[in-house]
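Student: Provided below are the primary sequence and the corresponding predicted coordinates.
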Amino acid sequence: MLNFDWYKFSELTVEQLYAVLILRSDIFVVEQHCPYLDPDGKDIFAMHLLGMEKNSLMAYIRLFPPTDIENYIAGLKNQDLLASAPQITSSDVSILQNNDPATVKDYFNKLFAAYSDTVNKPTKDDLTILKEAFDKNDFSLLLQLDEAIQEFRDGIDAAKKIPAPSDYVPFIVQELNYFSKIKRAIEIFRRADTDPLATVVTLTPRIELIKNIAALHKETGALAKDNGIIFSKDEGGGKLFPQ
């Protein structure tokens with residue numbers, strides 16, 4: 001017969017805490033094939049329910065008092081978790097002083113080609129992968145996000161090396177900063193199994209980035225058109241800026 005008792009973190013004996021960590025690692029790390037650091041720094045805020053049978057830990061759960069968990073969530077909401085994304089400035093990109101239509105068209109066609117090999121390459125976007133992981137309760141699917149992280153890293157590096165006409169430097173700097181934040185968001189999603197709250201808080205700004213990029217492309221496409229630059233539908237620039 002199981003005997004259940006509640007404990008504050010400070011009330012756990014060394015033996016009890018050791019048994020808890022073993023059980024949690026057996027279930028959440030070994031059994032689920034999901035390597036992560038189980039001692040996450042939150043145990044001190046939790047109440048711990050231990051189910052013992054003949055001095056052996058057979059069942060366990062931790063619960064957070066409403067005030068503590070609410071403070072934790074509020075703290076996350078008040079943080080800009082994407083602020084730690086590396087910032088890109090005009091000094092990070094190659095710049096051309098030539099802004100004639102042929103040069104601009106060539107630039108955006110090359111940029112689209114670079115994106116096609118990187119940020120637009122993954123068959124599944126990060127939000128789809130994240131949804132599947134939660135829907136199937138299979139967080140091993142998050143491993144797929146490693147490819148997306150690398151593709152955004154490669155895309156940013158590739159775009160920096162393509163000389164940008166000076167009139168369009170603000171565009172590429174803004175776009176790459178959006179990409180940098182997306183990469184940071186995906187890095188947070190990659191740890192959704194160990195820090196789901198950070199993932200939830202990051203979802204809204206990640207979706208906003210999609211809207212921001214669309215608005216940037218609409219604005220830049222209109223600027224190009226005003227400057228007499230017209231792309232065909234088959235050109236890379238035409239796919240970046242549908243007219």
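Tutor: Yes, it's here.

Student: ok, residue 186 - how many residues close by?
Tutor: For residue 186, the neighbour count with other C-beta atoms under 10 Å is 25. Where you see a C-beta, it was placed from the backbone N, CA and C, and this is true even at glycine.

Student: That one contacts residue 152, doesn't it?
Tutor: Yes - the criterion here is C-beta atoms under 8 Å, and residue 186 meets it with residue 152 at 7.0 Å.

Student: now the strands for this protein?
Tutor: 3-8, 47-53, 56-63, 95-96, 164-165 (DSSP state E).

Student: From residue 167, how far off is the closest residue to residue 155 other than its chain neighbours?
Tutor: Nearest residue to residue 155, sequence neighbours excluded (C-beta to C-beta, 6 or more residues apart in numbering): residue 118, at 3.3 Å. To residue 167, residue 118 is 24 Å away according to C-beta to C-beta, to the nearest Å.

Student: which other residues reach stretch 218-233?
Tutor: 99, 101, 104-105, 108, 167-168, 171, 237-243 (C-beta atoms under 8 Å, 6 or more residues apart in numbering).

Student: Of the strands of the chain, which is nearest residue 195?
Tutor: Closest to residue 195 of the strands of the chain, according to C-beta to C-beta: strand 56-63, at 15.1 Å.

Student: then that closest one to CSV, C-alphas only?
Tutor: The C-alpha trace of strand 56-63 is given here as CSV (Å, rounded to 0.1, in the frame of the first residue of the first chain):
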residue,chain,number,x,y,z
SER,A,56,10.8,2.8,-1.8
LEU,A,57,9.6,5.7,-3.8
MET,A,58,6.9,4.4,-6.2
ALA,A,59,5.1,7.6,-7.1
TYR,A,60,5.9,11.3,-7.2
ILE,A,61,4.5,14.7,-8.4
ARG,A,62,5.5,18.2,-7.8
LEU,A,63,3.1,21.1,-7.7
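
Student: Just name the shakiest helix or strand of this structure by mean pLDDT.
Tutor: helix 66-77 (a mean of 67; mean pLDDT, DSSP states H and E).

Student: For residue 31, report the pLDDT, please.
Tutor: Here, the pLDDT recorded for residue 31 equals 86.

Student: count of residues packed around it?
Tutor: Using other C-beta under 10 Å, residue 31 has 9 neighbouring residues.

Student: Which parts of this protein are helices?
Tutor: For the chain, applying DSSP state H gives helices covering 14-24, 66-77, 101-116, 126-135, 145-161, 169-189, 196-226, 236-240.

Student: For residue 154, which non-adjacent residue is closest in space?
Tutor: Per C-beta to C-beta, 6+ apart, closest to residue 154 is residue 118, 4.5 Å.

Student: The one you found and residue 112, how far apart?
Tutor: 11 Å.

Student: Now find how far off-centre stretch 36-55 is within its chain.
Tutor: Mean-position distance between stretch 36-55 and its chain equals 28 Å (C-alpha atoms, centre = their mean, to the nearest Å).

Student: and residue 15, how many neighbours?
Tutor: 10.

Student: okay but residue 121 is in contact with residue 151, surely?
Tutor: Yes - counting by C-beta under 8 Å, residue 151 is a contact partner of residue 121 at 5.4 Å.

Student: quick one, which of the two is more surrounded?
Tutor: Using other C-beta under 10 Å as the criterion, residue 121 and residue 151 rank with residue 151 on top: 20 against 14.
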